[in-house]
Each structure stands twice: as structure tokens, then as C-alpha cells.
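1. Predicted model and sequence follow; I will ask about them next.
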Amino acid sequence: MRSYYLLTLAQLRIFLRNRQVLFWTLAFPIVLMVMLGSFLGNGNGVSITAAVVDQDKSDPSKNLIKEFEKTEVMSLENKITEKEALDKLKKGDLTLVITIPEGYGESLSAENKAEPFKLPTYYNETNMAMSQVGLQLVTNTVDSISKKQVDYQPVVVTESKGVEALNLRYIDFLVPGIVAMMIMSNNMNGVAGQISSWRERGILRRMQGTTLKASTFIAAQITARFMLNGLQAMIVLAVAWLAFGIEVRGSWLTVIAFVTLGTLAFMAIGFIIAGIAKTPESAGPIAGFLSFPMLFLGGVFFPIRDMPEFLQPFVQILPIAHLSHALRETMNVGASLLDLGMEAMILGGWLIGAFVVASFTFKWE
Amino acid sequence: METQQEIIKVEGLVKRYGDFTAVDGSEFSVHNGEVFGLLGPNGAGKTTTLEMLVGLRKPDEGTAIVGGFDITKELDQVKEVIGVQLQSTTLFELLTVNEILHLYGSFYREHISIPDLIDDMLLTEKKNSRIKGLSGGQKQRLAIALALVHDPEIIFLDEPTTGLDPQARRTLWDIILRLKERGKTVVLTTHYMDEAHVLCDRIAIMDQGKLIALDTPSELVKNLQSDSAVEFRFDEEEVDVNLSEVDGVKQVGSQKDVHVLYTDDLQKTLTSLIALASERELKLIDLQTRTATLEDVFIHMTGRRLREG
């Protein structure tokens, strides 16, 4: 019992004294989260910058600009000449350029127009998707002016309602993914690297020469890594809360349960890699070979439903997919452990399977 | 040295790696309280023998009784009575001397006072330093301290002084001799002759997996039946002379172009050798005489030098 305690303590000391590893394993997820979070986290992913060139300078034209300003998604630039604006559009700095030609105000107040007044709106064809959205917005705004002008009363209107009761942003999606990523890389890559290097350097052999039981050693490894992971996950969640106001909607116990399951499952996979790798140098690439596909396919950064159809069966068995999904459901939606029984079972399956394989492939020397 | 109690009894140990037989049927006993040396060049099977005795490798054949327990059946009990220092082991570099001794102490049912052990191993000043920052000699003393932490009866040291400077070696020798004074049994491997001579009560010489001699250092040298050695080279590469015809020569040991003549009558042999060289118009270079050593025992028995293996 005393050796279990001292081994855990020793492992924690090694973690804490290895400042560089400690810093980078923590800095990487946080920087990634803050970066992705501030770039993509707040809006709905679309923002349009448009320039309005007012050549008319009448009251109606100023009204029109106010209408444009009301659309939240669009940010307007209006103290600009047409030539400058078109240059910027070509460079891609602007999405749209709307020109209000002279005579707009007069045309609006004139009776019995033969033809509608035309507002030239320029867009850059190289960015079709954004241009389409922008054009749609401009059309809607201009429409509303037209409708007001003719006292138009709509007969049918659409009412849009979000299906999810929660208003989820990308950052809400991202944070649980980052926590899952951290658990995966710290444990799988960490165990694989550390154990294979300890084996190479004879540290494990020396311990084998004592009366220490292998099970005590492994139990202490698990405990220390779990404590470290728990701490790191808390720090990431605290940063997420401070920077983006992310909260855990579900129970903390469920979060802890999945952090534990994930830690154990990925540690077991790490032990397998340590068993297969002949040298510490080969442990890194083997761990990378497994962790990279998981990072990009496992629902860490992008939703799994966005993956191509043929990848779906493969993606659905990845342990990280279930870990990130479970954490997401708990944190965003507030799902309970019971709702996530399937995820818990799949992760548990990985855990048991990996430990069985690890116990066959593991070598002390 | 009579009525010695056997504390280790090795019975026909064999270890094979594929076609290669690393240890080929070693048989010997180690007496209680002696320093026992396993001597041989690299690859002779010293380390493999030692690792089988401490339970790190499973013998393919044979067994050994260590401290009264069978290494193939009662390994857990064996581990309680032995302390091990392995060749080129690294430890957890980020822990301090004090921390790692407490950690290793916890692996056993009981351990001795850690501060006393640190003092004994001359590590008092370094007890709160990280292992990373220790010198080679300090690391080696720490490795021995770890072997002693549970007060074992038998201590195995695998090349304890390899790679150390002369002063650090002498410090370690003192430590090993102190262990002997306390009645511990020490089994060590080395390929340094002087070390074996100073430290060991008895020496087993191994070569190519086989035990080729076992005796006290002085008996081994005595068995050469010659006191002195004459060592020299000829200026020319290929020389066809029968050196055993030189007067007083009992044995000839030659390796590559270096020739060694063993003799009891140094003057007679030297005079005769110089006469032979003049007669055949051969030029002698690097001529030196010395008393026969363990190294000569080894060359005599294997036809090879120890260090070059």
C-alpha cells in the first residue's frame, strides 16, 4: 500500500518537475481552443462586410443605409468612393459593394414609375457562397423598402424556429472535443512514450528486480495519470468558462465518469503501443498514426455527421468519437449517465479489449 | 577458508538466444560472506549469469539456489534476500536521492534507515539533489544504495566500476570491502583485473559462456607456474621462431604480434631471448618484464586478452 502511494507520488512529482511537458500538454489544448473559439466561436460562422457608396446623398438614401445597418450579419463601410470599394472587393477585403446612384431619392418620391429603380450591387465571383448570402440580404432589405413604399401587406409569412431548445455556438461544440483530445493525447501518446522509454533505459527492469508487484506499478500509473488529467481538464474547463462563458449543463459526476473511462481506455491503448514499439523512437509515430485520424475523424473539431458516408462505419467505432460525444451531450445538453449508456458501454468495451491485448503484448524489458 | 557455508549454489545453468548459447552449463558455489568475482571479456556470459541469478532472465536449463531459495520456483523469496545493481541502469532522473531511496524502500516489507544509508554511501550532500545532476560515481553509489535499502544478505553488482574515473573506482572499492566486513556476500562482475585482485576472495573466469577456472586470485596466478612475464614485439610482422625453445620458458602466450613468455627465471630467459634475436637478426621492440597477473591467467587459458574480448 505504501509503495502504491509512493509510486503515485513519484509519478506526480515527475510530471510536475517536467515543466516543459506540463506546459505544452496544457498550452496546446488551451491555445487551440482560444484560437478556434475566437475565430469561429461567436457568430453563426458567417460575416459579411459590404460597402455602400452613396452618390445620391438624399434622405431616402440615408434611410436605406440605416436599413442595411440593421442587418446584424452585415458590417457596413460607407465613407468610401466607388473606385476604392471595387478595388477592395477584387482583393477580397469586401464581400459586396452596393452603389446608390444619383436620382434614387427622386425616383422613390416620383409617382407612377414605369420601371423599378436599379441599385447596382457588385460581388466577387471567386467567393460565390458568401456573395450569395450577401446578395440575399441586400435583396431582402431592398424588398422591405419597396414593400413599405407600396403599403404591401403580406398574406403568408414564415416563422423560423430552432429545433434545439439551446442556442449552441461552435465554441460549445469545441470545448468538450478539446477535453476529449487532451485525454486521448496525454494518455495514449503519454503512456506509449513514457513506458517505452523507461523500458529502454532499464528503469522497469530495475524495478522488476525488487519485490514490487506489476499490478501495484500499473495501479499507481493509472492513479497519477488520472489525477493529472482531471486537473488539466478542470483548467481547460475553467479557461473555457472565463473566456467564453461555457458551462457544464449536466452533472459533474457524469463528466468525471467519462473523463475516467476515457483515461483508462486510452491508457490501455498506450500500453499496447508501448508493447508493440521496439524503441521509444518508434512509439511516437505509432501513437501519431492512431491519434491523427482520431483527431480529425472523431468529432473533435467537426461534427461526425459532416464526414463522408463511406467513413461513417469506421468513425462510429472510434473511442474518441464516443468520448467527445458523451462529453458534449453532458456539457451542452445536460444528458445524464443513463442517457449515455451506449457511449459508456462502447468506451468500456474499448477499455476491456485494450487491457486484454495490452496484457498479452506488454513486456517489462 | 574451510567449512564454508554455501549461500549460492549454481547447478548447470544454460541460457540460449536462438543458436547462440550465452551461458553453457555453469556450475559453482558462492560462500557466505565472501566477495565472489565473475571475470571475463564482454560477451562471456557474466551478465547473463548474474541476471539469471537475480530472476531477470529465465534459465533454459538448470537452476540455482540463492539464499536457500530456488530461483526457478521461489523467486519472490529470492528477491527479498538479494540486492541488485544492474549494468547501466538509469533511474527516475527527476526524483531526488532521498525520494528514490524511500520509493525503493517501500517496495520491500522492511527497509533500513534511509539517512544512515545515504551517509554510508557518501551521498549526504546530495540527498536533496535530483538524480539527473549526479556525477557518474555518485549515480553508481546511489545504485548500490538502492540495492542495500532492504538490508539483503546477498548483493549482486554488475560491473559496478565500469566507466568511472580512478578515484571514483577506489571509493567504490572501499564501499564494497565495507560490505564484506559487515558479513554480506557480494557477487560482482568485472573485466578489470586489478579490481578482481583487490576485491575478490574467489574468482570465476568465464569465456564464451563457459566457466573455465575458479579459485582465489593468488592461486590462479600461482597455477601459471611462473612468476614473471616477458612481453615484446618483433619489428617484422611475420617471424618464424619457436619461442618455447627460449631458455626457462614454461609457457608462451601470443596474441597478434605481441608475444608473452612466462618464466621462473627471468634473467636466463631474457639473456636467451636477446641471444636468439641477435642470432636471427630480429629487432625486439616494446620489451618489458613484469610479474604474472590475472590478465596472464586469462590469456593463458583462452589465448585472448580480457579487455579486447
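-> Nice, thanks for sending it over. Being a predicted model, the structure only gives us computed values, none of them experimental.
2. Surely residue A:332 is in contact with residue A:168?
-> Yes - at 6.0 Å, residue A:332 counts as touching residue A:168 under the criterion of Cβ atoms under 8 Å. Placement of C-beta: from N, CA and C, glycine included.
3. The residue nearest the centre of chain B bridge partners, please.
-> Taking Cα atoms, centre = their mean, the centroid of chain B lies closest to residue B:190, which sits 2.7 Å from it. Beta bridges link residue B:190 to residue B:39 when assigned by DSSP bridges.
4. Okay, helices next: where are they in the stretch 101-250 of chain B?
-> B:114-120, B:136-148, B:166-181, B:193-199, B:217-222 (DSSP state H, counting those that start in this stretch).
5. Can you check which of those gets nearest to residue A:277?
-> If you check each of the helices of the stretch 101-250 of chain B against residue A:277 by Cβ to Cβ, helix B:136-148 wins as the nearest, at 26.4 Å.
6. what comes up buried for the closest one?
-> For helix B:136-148, the neighbour count (16 or more other Cβ atoms under 10 Å in any protein chain shown) marks B:137-148 as buried.
7. so which of those are also by chain A?
-> Among the buried residues of helix B:136-148, proximity to chain A is found for residue B:146 (Cβ under 8 Å from any Cβ of the partner chain).
8. now the buried residues of helix B:136-148 in JSON lines, with pLDDT and distance to residue A:301?
-> Shown next, in JSON lines, are these (pLDDT from 0 to 100; distance: Cβ to Cβ, whole Å):
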{"residue": "B:137", "pLDDT": "88", "distance to residue A:301": "52"}
{"residue": "B:138", "pLDDT": "91", "distance to residue A:301": "49"}
{"residue": "B:139", "pLDDT": "91", "distance to residue A:301": "46"}
{"residue": "B:140", "pLDDT": "90", "distance to residue A:301": "50"}
{"residue": "B:141", "pLDDT": "91", "distance to residue A:301": "52"}
{"residue": "B:142", "pLDDT": "93", "distance to residue A:301": "47"}
{"residue": "B:143", "pLDDT": "92", "distance to residue A:301": "48"}
{"residue": "B:144", "pLDDT": "91", "distance to residue A:301": "53"}
{"residue": "B:145", "pLDDT": "93", "distance to residue A:301": "51"}
{"residue": "B:146", "pLDDT": "93", "distance to residue A:301": "47"}
{"residue": "B:147", "pLDDT": "92", "distance to residue A:301": "51"}
{"residue": "B:148", "pLDDT": "92", "distance to residue A:301": "54"}
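9. ok so, going back, most tightly packed of the helices of the stretch 101-250 of chain B?
-> Comparing these by mean neighbour count (mean count of other Cβ atoms under 10 Å in any protein chain shown), helix B:136-148 comes out on top with a mean of 22.
10. Determine the set of other helices and strands touching it.
-> Secondary-structure packing of helix B:136-148 (3 or more Cβ pairs under 8 Å, 6 or more residues apart in numbering or on different chains; DSSP states H and E): strand B:82-85, helix B:97-106, helix B:114-120, strand B:154-158, helix B:166-181.
11. can you list contacts of that helix?
-> Contact with helix B:136-148 is made by A:206, B:83-86, B:89, B:91, B:97, B:100-101, B:104, B:112, B:117-118, B:120-123, B:126, B:131, B:134, B:155-157, B:160-161, B:163-165, B:167-168, B:171-172, B:175, B:179, as judged by Cβ atoms under 8 Å, 6 or more residues apart in numbering or on different chains.
12. same thing with stretch A:58-67?
-> Contacting residues not belonging to stretch A:58-67 are listed as A:52, A:54, A:76, A:78, A:100, A:104-106, A:108-109, A:141-142, A:144-145 [Cβ under 8 Å, 6+ apart].
13. how about that stretch as CSV, C-alpha atoms only?
-> Output of stretch A:58-67 as CSV, limited to C-alpha atoms (Å, rounded to 0.1, in the frame of the first residue of the first chain):
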residue,chain,number,x,y,z
SER,A,58,-30.6,62.3,-50.0
ASP,A,59,-32.8,61.5,-47.1
PRO,A,60,-34.2,58.3,-48.7
SER,A,61,-30.7,57.1,-49.4
LYS,A,62,-29.6,57.6,-45.8
ASN,A,63,-32.7,55.7,-44.7
LEU,A,64,-31.7,52.8,-46.9
ILE,A,65,-28.2,52.8,-45.4
LYS,A,66,-29.8,52.6,-41.9
GLU,A,67,-31.9,49.6,-43.1
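14. gap between it and the chain center?
-> Stretch A:58-67 has its C-alpha centroid displaced from the chain centroid by 40 Å (Cα atoms, centre = their mean, to the nearest Å).
15. isn't the residue nearest to the centre of chain B right next to residue B:196, touching?
-> Yes - at 5.6 Å, residue B:190 counts as touching residue B:196 under the criterion of Cβ under 8 Å.
16. Now do the shared contacts for the two.
-> With Cβ under 8 Å, 6+ apart, residue B:190 and residue B:196 have common neighbours B:37, B:39.
17. The closest residue to chain A within the stretch 151-300 of chain B: how many residues sit nearby?
-> Closest contact between the stretch 151-300 of chain B and chain A, by Cβ to the nearest Cβ, is at residue B:156 (8.7 Å). If you count neighbours by other Cβ atoms under 10 Å in any protein chain shown, residue B:156 ends up with 26.
18. The one 3 residues further on now?
-> Counted with other Cβ under 10 Å, the neighbours of residue B:159 add up to 22.
19. Relative to chain A, how far out is residue B:4?
-> Distance, residue B:4 to chain A, using Cβ to the nearest Cβ, to the nearest Å: 26 Å.
20. OK, contacts around that residue?
-> By Cβ under 8 Å, 6+ apart, the contact set of residue B:4 is B:31-32, B:34.
21. quick one: which of these has the most company?
-> Each of the contacts of residue B:4 was scored for neighbours by other Cβ under 10 Å, and residue B:34 scores highest at 19 neighbours.
22. measure that one to chain A for me?
-> Distance from residue B:34 to chain A, by Cβ to the nearest Cβ: 22 Å.
23. Enumerate every residue touching that residue.
-> Per Cβ under 8 Å, 6+ apart, neighbours of residue B:34: B:4, B:180, B:185-186, B:201-202.
24. One more: residue B:265?
-> B:247-248.
25. one more time with 10 Å
-> B:226-228, B:247-250, B:271-272 (Cβ atoms under 10 Å, 6 or more residues apart in numbering or on different chains).
26. By neighbours, which of the residues you listed wins?
-> Within those, most neighbours by other Cβ under 10 Å means residue B:226, with 23 neighbours.
27. low-confidence ranges in the stretch 1-150 of chain A?
-> By pLDDT under 70, the weakly predicted segments of the stretch 1-150 of chain A are A:40-47, A:72-73, A:111-114.
28. I misspoke; the intended subject was the stretch 151-300 of chain A.
-> For the stretch 151-300 of chain A, residues meeting the criterion pLDDT under 70 lie at A:160-167.
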